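> Here is a sequence together with a model predicted from it:
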Amino acid sequence: MKVYAIGTATLDIFFVFDNLNFLKNFKFLKEKNEAKNIFVDIGGGGLNFAYNFQNLNLKSKAIIKLGNDFIGKVIESKIKEKGIDVVINYNKGNSALSFIFLSKKGEKYIFVYRGVEKFNKKDVIYDKNSAYYISTGNTPIGIWEYVVSRLKKNNNIIGFAPSKYFLSKKECYEILNKINFFVINLDEAKILLRKNIQNEFELAEKLRKKIYKTDIILITLGDKGSLLLTRKNCYFSEAYKKFKIVDTTGAGDSYGSTFFAILLKNKWELNENNLFLALKLSAVNAAHNLKEIGAQTGLLKEKDLLKFQSVKLFIKKVW
């Protein structure tokens with residue numbers, strides 16, 4: 001099965017400091033604040049998903065937007081270097097750029113220019129019997145209404161990594177009930193429900209009543225783990241904590257896209273064996289990503305990831 005990864009493409013520039021005190025208190029702010037190290041790579045949902053799918057031996061293609069500018073040329077060069085199969089839609093304007101200030105203690109500040117990230121209907125390839133994993137970004141929600149409706153007619157499996165912008169729109173409920181899978185964190189779940197519910201299990205129950213047609217919902221809980229919601233059950237899975245967390249950039253992308261990929265490779269058969277395997281391997285892959293700087297670094301190849309099939313990870317049925 002072919003899988004299309006639709007979403008942003010950014011140039012990520014990391015500045016690594018001993019600490020970020022100069023950003024917390026202006027008295028420390030100097031004319032020049034010297035970084036100890038820098039790291040430059042590509043990121044954004046579209047490229048992060050496609051790179052991970054490629055590592056996991058899925059036939060994948062990224063669909064992204066770029067400006068015809070210097071930043072876009074650098075992103076293209078990195079795409080070729082990594083061998084990512086990609087369709088680039090060019091727009092007037094500048095490509096997306098992120099400056100990430102990171103301390104050795106794990107503190108982080110991100111400055112983002114989103115560039116030409118908004119999609120239109122013609123940017124999408126409408127295939128049949130394929131899978132689509134979509135980062136919704138700031139694209140108008142009406143575009144995703146059209147895209148999902150058209151894709152569903154052609155027997156496609158659809159996964160979403162919805163943005164806060166998308167979740168804030170009332171139309172999102174109908175769209176999310178039409179797709180097969182989506183992943184959100186706790187803050188995003190509260191935006192979706194329009195309620196500040198502190199207990200994650202109560203939140204999960206209310207979310208499932210609201211979005212009841214989607215096959216699978218994943219709620220990430222940071223270093224606590226995640227909640228997996230099927231149409232009937234809720235499962236808690238702990239995080240894989242074998243490494244020190246260095247950088248959280250792209251962790252949600254690596255976790256969600258790995259989970260989606262494992263289920264695709266198991267023909268979207270949603271039995272407990274496949275679901276638990278997906279939870280384990282997603283946690284492991286995300287942990288390897290978290291121990292290095294960058295949204296795509298550390299991600300495992302399929303042969304290396306499958307070595308962790310028997311890893312002991314606490315998973316329990318909540319309801």
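Yep, it's here.

> In the stretch 201-319 of the chain, what residue spans correspond to helices?
251-265, 272-290, 302-305 (DSSP state H, counting those that start in this stretch).

> by contact count, what packs against the shortest one?
Put plainly, it is helix 302-305. Under the contact criterion of 3 or more C-beta pairs under 8 Å, 6 or more residues apart in numbering; DSSP states H and E, helix 302-305 touches helix 272-290. For the C-beta atoms, the positions are set from N, CA and C on the backbone; glycine is no exception.

> Go through the helix it packs on and flag the buried ones.
274-275, 277-290 (16 or more other C-beta atoms under 10 Å).

> ok, back up a step: for the helices of the stretch 201-319 of the chain, give me TSV that also has mean pLDDT and distance to I157.
Output for the helices of the stretch 201-319 of the chain, formatted as TSV (pLDDT from 0 to 100; distance: least, C-beta to C-beta, whole Å):
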stretch	mean pLDDT	distance to I157
helix 251-265	98	7
helix 272-290	98	14
helix 302-305	98	19
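
> Same list (these) but as JSON lines, adding distance to K152.
Formatted as JSON lines, the helices of the stretch 201-319 of the chain follow (distance: least, C-beta to C-beta, whole Å):
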{"stretch": "helix 251-265", "distance to K152": "17"}
{"stretch": "helix 272-290", "distance to K152": "22"}
{"stretch": "helix 302-305", "distance to K152": "29"}
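
> can you tell which of these is closest to E188?
Nearest of the helices of the stretch 201-319 of the chain to E188, taken as C-beta to C-beta: helix 251-265 at 9.3 Å.

> Show me how far the closest one is from its chain's centre.
8 Å (C-alpha atoms, centre = their mean, to the nearest Å).

> Which residues does that helix contact?
With contact meaning C-beta atoms under 8 Å, 6 or more residues apart in numbering, helix 251-265 is reached by 1, 3, 5, 45, 48-49, 52-53, 56, 58, 131, 133, 135, 157, 159, 161, 181, 183, 185, 216, 218, 220, 226, 270, 274-275, 277-279, 281-283, 285-286, 289-290, 295, 299, 305.
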